[in-house]
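**Student:** Next comes the sequence, and after it the predicted model I'd like to discuss.
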Amino acid sequence: MYKRQTISSEEIARQRNICSEIFQQINASRAHPLALVDTYGCQQNEADSEKIRGYLSEMGYGFTQDEYEADVIVVNTCAVREHAEMRVLGNVGALNHTKKAKPEQIIAVCGCMVQQEHMTEKIKKSYPIVDLVFGPHELWRFPELLQSVMTRHKRIFATEKADGAVTEGIPLKRDGSVKAWLSIMYGCNNFCTYCIVPYVRGRERSRLPEDILAEARQLVAAGYKDITLLGQNVNSYGKDLDNGVDFADLIRMVDDIPGDFLIRFMTSHPKDATEKLFRTMAECQKCAHQLHLPVQAGSDRILKAMNRHYDRAKYLAQVKLARQYMPDLVLTTDIIVGFPGETDEEFEETITLCEEVRYDAMFTFIYSKRVGTPAASMPDPYSREDKQKHFDRLTEVANRISAEKHAAYIGTKQRVLIDGETGHEEYNLSARTNGGRLVHLKGDLSLVGSFRDVTITGGNTWALYGSLEEENA
Ligand code: SAH
Ligand code: SF4
Ligand code: F3S
């Protein structure tokens, strides 16, 4: 049994001391070095990149998007599908040019992809430009690793197998000032048979409620308006703690923080979504009525082969219950098409499930074989073309339903959070409804970061269009 481990505050203090040492060297040399952090994959990885930027910022690095300008490049990788890995490898390969132009450039590759032995080997052999490789479990000691590369001038690989630990006190440099990610737990224990995440991210481990609440209070005080609680399966939050606090309790505690902000969360695993969670969402004023509840497939045989621990009937019952508590619930999902052995008939069950649930949006993927997972050795007789046909059909269904759902908003009033600029002249602002649907608006830039009432004037598969109430008055 995994026992929750933590990295001591002394260890983190030591890392931050290294940041100060590097800062002093940089200061003494009057240099203004720049770093580029390139992130692939999910929100967890985005949150990890904020820690890497936090450390780099403490070392005195500024940030750039230009590979030729950067003194340090960190590529934070994803391993969830082959496509993600190919993109990473392609882009790391292209850094040959920048390293040639700037030989002292330090190139680091970190994240989920390099927590797989065969990938680390590949980088060791075929990507000599890479100076530093570290897995998700070593992120907390990035300063020490980077300093070793700088002083010892040799390649460093830090990707030991580990179950993972909880770390507090790593500095964070967040992107933007309206929306924030807040990790509440790390790792995954579910071992869905297709998925690499439990192998690369280690066992499920929760942060203490007091640490999460302290960070949430800081975010609210700093003016953040949209806080997303993150975990691979937030519904199992707290199972490794002995304080009796579960995920619904945690939502209530964050909701109790005074201020005008929204709470979102992802991802919920249907096997442990509870009535208590839906009731809490409905009762907590600040909790968005938004639920990402990945179903993955509509056929019971496939769900079993995926090791998902629920069947179609249980999933549908949950959706019904969630909607009883929140009739305005925005519901989204993930679906895998072409799991090994999925027949035409089984795929049809995914289609009928989607028609029945009518998701606001669906994230659809073609099954990708992952080294070392149980599904990788299951017979997979169907061709890529067969799978592509299914995928295209599912996308059509998903797009049609999203467009129909968005059309139903036209003429309604919605309270939205204006969260950024679009760069387009006609609709220069982007906003999100309480349920997280994207709304394009025209208005003054000073509105970014505020909640406003809008009338929805149009919609398509991907977005809504609206006009600010004030302008209609
Ligand atoms: N923890 C989340 C999902 C994380 S991965 C959950 O369980 O819901 C995000 C999505 O990628 C998954 O929901 C799944 O739909 C998809 N995915 C994961 N492994 C995959 C694979 N091997 N091939 C294709 N899609 C995959
Ligand atoms: Fe992967 Fe399943 Fe864990 Fe999600 S719950 S990260 S799909 S193993
Ligand atoms: Fe990818 Fe790792 Fe997230 S594999 S999806 S970045 S947890």
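**Tutor:** Arrived safely, thanks for sending. Numbering: from 1, shown residues only. Ligands and ions are numbered 1, 2, ... in the order given.
**Student:** Would you map the helices across the stretch 51-200 of the chain?
**Tutor:** Under the criterion DSSP state H, counting those that start in this stretch, the stretch 51-200 of the chain contains helices at 82-101, 117-126, 142-152, 197-201.
**Student:** Let me know which of those is tucked in deepest.
**Tutor:** helix 197-201 (a mean of 22; mean count of other Cβ atoms under 10 Å). The way it works is simple: take the backbone N, C-alpha and C, and place the C-beta from them, glycine included.
**Student:** Pick out the residue of the stretch 1-150 of the chain closest to ligand 2.
**Tutor:** Residue nearest to ligand 2 within the stretch 1-150 of the chain: Val80 (8.0 Å; Cβ to the nearest ligand atom).
**Student:** Show the model's pLDDT score for that residue.
**Tutor:** Listed pLDDT for Val80 reads 98.
**Student:** For ligand 3, what's its nearest residue on this structure.
**Tutor:** As assessed by Cβ to the nearest ligand atom, ligand 3 sits closest to Gly41 within the chain, at 2.6 Å.
**Student:** Contacts only, for that residue.
**Tutor:** Asn76, Thr77, Cys78, Ala79, Val80, Ala84, Gly111, Cys112 (Cβ atoms under 8 Å, 6 or more residues apart in numbering).
**Student:** Repeat the analysis, applying 10 Å as the threshold.
**Tutor:** If you count contacts by Cβ atoms under 10 Å, 6 or more residues apart in numbering, Gly41 has them with 48-49, 76-81, 84, 88, 111-113, 197.
**Student:** Give me the domain ranges for the protein.
**Tutor:** What automatic domain parsing lists as the domains of the chain is 9-158, 176-288, 293-405, 413-472.
**Student:** how about the ones you listed, which one is nearest Lys3?
**Tutor:** domain 176-288 (8.5 Å; Cβ to Cβ).
**Student:** Kindly report the residues of the stretch 101-250 of the chain close to ligand 3.
**Tutor:** Contact residues, the stretch 101-250 of the chain versus ligand 3 (Cβ under 6 Å from any ligand atom): Cys112, Ile196, Val197, Val200, Arg201.
**Student:** Please identify the buried residues of stretch 98-111?
**Tutor:** Thr98, Lys99, Gln105, Ile106, Ile107, Ala108, Val109, Cys110, Gly111 (16 or more other Cβ atoms under 10 Å).
**Student:** which stretches of the stretch 351-473 of the chain have low pLDDT?
**Tutor:** 470-473 (pLDDT under 70).
**Student:** Residues of the stretch 251-400 of the chain that sit close to ligand 2?
**Tutor:** Counting by Cβ under 6 Å from any ligand atom, the stretch 251-400 of the chain sits next to ligand 2 at His269.
**Student:** if you go through the stretch 251-400 of the chain in chain order, where are the strands?
**Tutor:** Along the stretch 251-400 of the chain, counting by DSSP state E, counting those that start in this stretch, strands occupy 262-266, 290-292, 330-337, 361-366.
**Student:** Just put the ones you listed in CSV and tack on mean neighbour count and distance to Asn233.
**Tutor:** Output for the strands of the stretch 251-400 of the chain, formatted as CSV (neighbours: other Cβ atoms under 10 Å; distance: least, Cβ to Cβ, whole Å):
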stretch, mean neighbour count, distance to Asn233
strand 262-266, 23, 10
strand 290-292, 24, 11
strand 330-337, 21, 13
strand 361-366, 17, 16
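**Student:** Can you tell me which of those is nearest to Ala431?
**Tutor:** The nearest among the strands of the stretch 251-400 of the chain, by Cβ to Cβ, is strand 262-266 at 12.0 Å.
**Student:** which helices and strands sit right next to that closest one?
**Tutor:** strand 179-183, strand 226-230, helix 247-255, helix 275-283, strand 290-292 (3 or more Cβ pairs under 10 Å, 6 or more residues apart in numbering; DSSP states H and E).
**Student:** Mind putting the domains of the chain into JSON lines with distance to Ile170?
**Tutor:** Conversion of these to JSON lines gives the following (distance: least, Cβ to Cβ, whole Å):
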{"stretch": "domain 9-158", "distance to Ile170": "5"}
{"stretch": "domain 176-288", "distance to Ile170": "11"}
{"stretch": "domain 293-405", "distance to Ile170": "28"}
{"stretch": "domain 413-472", "distance to Ile170": "25"}
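**Student:** Of those domains, give the one that comes closest to Val166.
**Tutor:** domain 176-288 (5.2 Å).
**Student:** can you tell if that closest one touches ligand 1?
**Tutor:** Yes - contact between domain 176-288 and ligand 1, assessed by Cβ under 6 Å from any ligand atom, occurs at Tyr194, Cys195, Val197, Gln232, Asn233, Thr267, His269.
**Student:** And stretch 372-386, by the same measure?
**Tutor:** No - interface with ligand 1: stretch 372-386 contributes nothing (Cβ under 6 Å from any ligand atom), its closest point being 7.0 Å away.
**Student:** list the buried ones in that stretch?
**Tutor:** By 16+ other Cβ under 10 Å, the buried positions in stretch 372-386 come out as Thr373, Pro374, Ala375, Asp380, Tyr382, Asp386.
**Student:** Stretch 460-473 now?
**Tutor:** Neighbour count says stretch 460-473 has Ala463, Leu464, Tyr465, Gly466, Ser467, Leu468 buried, by 16+ other Cβ under 10 Å.
**Student:** what's around the residue of the stretch 1-150 of the chain closest to ligand 2, how many residues?
**Tutor:** 21 (other Cβ atoms under 10 Å).
**Student:** now the helix or strand containing Glu210: mean pLDDT?
**Tutor:** Per DSSP states H and E, Glu210 falls inside helix 209-221. Across helix 209-221, pLDDT averages out at 98.
**Student:** now the angle from that helix to helix 247-255?
**Tutor:** Comparing the axes of helix 209-221 and helix 247-255 via axes from the mean of the first three to the mean of the last three Cα atoms, to 10 degrees yields an angle of 40 degrees.
**Student:** Mind giving me the packing neighbours of helix 209-221?
**Tutor:** Under the contact criterion of 3+ Cβ pairs under 10 Å, 6+ apart, helix 209-221 touches strand 179-183, strand 226-230, helix 247-255.
**Student:** Adding mean pLDDT, write the ones you listed out as JSON lines.
**Tutor:** Below are those laid out as JSON lines (pLDDT from 0 to 100):
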{"stretch": "strand 179-183", "mean pLDDT": "98"}
{"stretch": "strand 226-230", "mean pLDDT": "98"}
{"stretch": "helix 247-255", "mean pLDDT": "98"}
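**Student:** Contact partners for the residue of the stretch 301-450 of the chain found nearest ligand 2?
**Tutor:** Nearest residue of the stretch 301-450 of the chain to ligand 2: Arg308, at 7.5 Å (Cβ to the nearest ligand atom). Taking Cβ under 10 Å, 6+ apart, we find Arg308 in contact with 190, 192-193, 269-271, 294-297, 300, 302, 314-315.
**Student:** So which of these wins on neighbours?
**Tutor:** Compared across the contacts of Arg308, Ala297 has the highest neighbour count, 26 neighbours, by other Cβ under 10 Å.
**Student:** Phi and psi next, for that residue.
**Tutor:** Per-residue torsions, Ala297: phi -160, psi 160 (degrees, to the nearest 10).
**Student:** right, and it touches Glu349 too?
**Tutor:** Yes - the pair Ala297 and Glu349 passes the contact test of Cβ atoms under 10 Å, sitting 7.6 Å apart.
**Student:** which neighbours do those two share?
**Tutor:** Leu303, Arg312, Glu342.
**Student:** Redo those residues as JSON lines? Include pLDDT, neighbour count and distance to ligand 3.
**Tutor:** Below are those laid out as JSON lines (pLDDT from 0 to 100; neighbours: other Cβ atoms under 10 Å; distance: Cβ to the nearest ligand atom, whole Å):
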{"residue": "Leu303", "pLDDT": "98", "neighbour count": "24", "distance to ligand 3": "20"}
{"residue": "Arg312", "pLDDT": "98", "neighbour count": "19", "distance to ligand 3": "25"}
{"residue": "Glu342", "pLDDT": "98", "neighbour count": "25", "distance to ligand 3": "22"}
